[in-house]
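**Student:** Return a 3D structure for these sequence lines:
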Amino acid sequence: MGVEFNEDEIREVMKRLSKDRLFFNLKMISSFHWLGKSKKNMKKRREIRNKNGKNLNDSNPYYSTIKEKCKKSSQNNKRDQDKKNERIDIFIIANGVKGKEKIGLELKYFTNELKLQNANNGEKFILANQAAQNEKCYDSWHDVERLENFILQKEIDKGFTIWLTNISLLTDCNRIKNKENQYYYFRICNNRKIDYNKTNELKEHCLKWNDNKGKEIKRRNRLDPIYISGNYKIKWEKYSNLRKEINKKNYIDLIKETYKVKPKEDYQFKFSILEIRPNKTLI
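**Tutor:** Residues are numbered from 1 along each chain as shown. Below is the predicted model:
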């Protein structure tokens, strides 16, 4: 009998993984083959693919709804689906309780600068200081929108986003309180809700940049509003604390050796999982 592929299963895998791998480089995070090997019942998964391409038709009702509900779509051809081959980071065909399920996973890994060395084997890990937090938030919700679209077009049965970061500006809602902030409505901080209770107001679903008092917004192919039909609440959970590992002398902080002081939050990784559930009554 198959086992349902759900959010709790992914969460268990993340927690198991954190014991073996405290953080990643980009090559490792883009693979995620561990997802198909880390539990016994996972071995029953039939197929795991990376970067699975799907052609999505621009004429489908979902995108028509976006253009109608969100209005003022930009002219950057971002949603010209006839010319674009959309891809899913990880595509899994699973044996579920109702038979075979097509699962789509989208991964995001955002980092602040860290330079660490494994004290046992000498392996070095250099994590970049990734700027443009506003674009990271936009891209995260864009993944949600895309997975909703895949589900509505019946390309997949279920979708999940997995976000992993050590950037507290992304995870802490207290860091972005000003509603005039350009990317306020794209926040992915802890406890952020979209239509979580009973409100169906369009502003809760149509995510847009604030116009910054009339100033032009230049966001490199990220101008279009994002329409989210489902109900979501973001929950960030502890993944790893590298400061503890440094104190245990399992890792060497190479930045500290240069007398540069990093905030303690940069050494704490958190993860968040969203199960994608489009609301067809809002389409």
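
**Student:** ok, how many other residues are close to the residue lying closest to Glu275 once chain neighbours are set aside?
**Tutor:** Using C-beta to C-beta, 6 or more residues apart in numbering and skipping the chain neighbours, the partner closest in space to Glu275 is Glu7 (4.7 Å). (C-beta placed from N, C-alpha, C; glycine too.) Using other C-beta atoms under 10 Å, Glu7 has 12 neighbouring residues.

**Student:** Looks like Glu7 contacts Ile273 (just checking).
**Tutor:** Yes. Between Glu7 and Ile273 there is a contact under C-beta atoms under 8 Å: 5.3 Å.

**Student:** anything in contact with each of these two?
**Tutor:** Common contacts of Glu7 and Ile273 (C-beta atoms under 8 Å, 6 or more residues apart in numbering): Phe160.

**Student:** which stretches of the protein form strands?
**Tutor:** Using DSSP state E, the strands found in the chain span residues 47-55, 85-96, 99-110, 114-118, 124-127, 158-165, 193-194, 206-207, 226-227, 232-233, 237-241, 251-253, 268-276.

**Student:** pLDDT score assigned to Thr161?
**Tutor:** pLDDT for Thr161: 95.

**Student:** what's the answer for Arg192, then?
**Tutor:** Residue-level confidence at Arg192 comes out at 92, pLDDT.

**Student:** For it, which residues are in contact?
**Tutor:** Applying C-beta under 8 Å, 6+ apart, the residues contacting Arg192 are 173, 233-234.

**Student:** Weed out the non-buried ones from these.
**Tutor:** Neighbour-count burial (16 or more other C-beta atoms under 10 Å) applied to the contacts of Arg192 gives Ile234.

**Student:** thinking Glu4 is in contact with Val97, fair?
**Tutor:** Yes. The criterion here is C-beta under 8 Å, and Glu4 meets it with Val97 at 5.0 Å.

**Student:** Tell me which of the two has more neighbours.
**Tutor:** Taking other C-beta under 10 Å, Glu4 and Val97 do not tie; Glu4 has more neighbours (14 against 10).

**Student:** do you know how far the more buried one is from Leu105?
**Tutor:** Using C-beta to C-beta, to the nearest Å, Glu4 is found at 15 Å from Leu105.

**Student:** What about the closest residue to Ile255 other than its chain neighbours, how many residues nearby?
**Tutor:** Excluding its sequence neighbours, the residue lying closest to Ile255 (C-beta to C-beta, 6+ apart) is Lys115, at 4.9 Å. Lys115: 17 surrounding residues under other C-beta under 10 Å.

**Student:** again with Asn95
**Tutor:** Counted with other C-beta under 10 Å, residues neighbouring Asn95 total 17.

**Student:** Now do it, the pLDDT please.
**Tutor:** Note on Asn95: pLDDT of 77.

**Student:** follow-up on the earlier one: can I get the strands of the chain in TSV with distance to Arg21?
**Tutor:** As requested, the strands of the chain are exported to TSV (distance: least, C-beta to C-beta, whole Å):
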stretch	distance to Arg21
strand 47-55	18
strand 85-96	17
strand 99-110	12
strand 114-118	12
strand 124-127	10
strand 158-165	11
strand 193-194	31
strand 206-207	32
strand 226-227	31
strand 232-233	27
strand 237-241	8
strand 251-253	13
strand 268-276	10
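
**Student:** which parts of stretch 154-162 are buried?
**Tutor:** Within stretch 154-162, the residues scored as buried using 16+ other C-beta under 10 Å are 155-162.

**Student:** List the contacts of it.
**Tutor:** Residues beyond stretch 154-162 that count as contacts (C-beta under 8 Å, 6+ apart) turn out to be 5-7, 10, 14, 54, 56, 88, 91, 96, 101-108, 140, 143-144, 147-148, 150-151, 271-276.

**Student:** swap the cut-off to 7 Å and go again
**Tutor:** 5, 7, 10, 54, 101-107, 143-144, 147, 150-151, 271, 273-276 (C-beta atoms under 7 Å, 6 or more residues apart in numbering).
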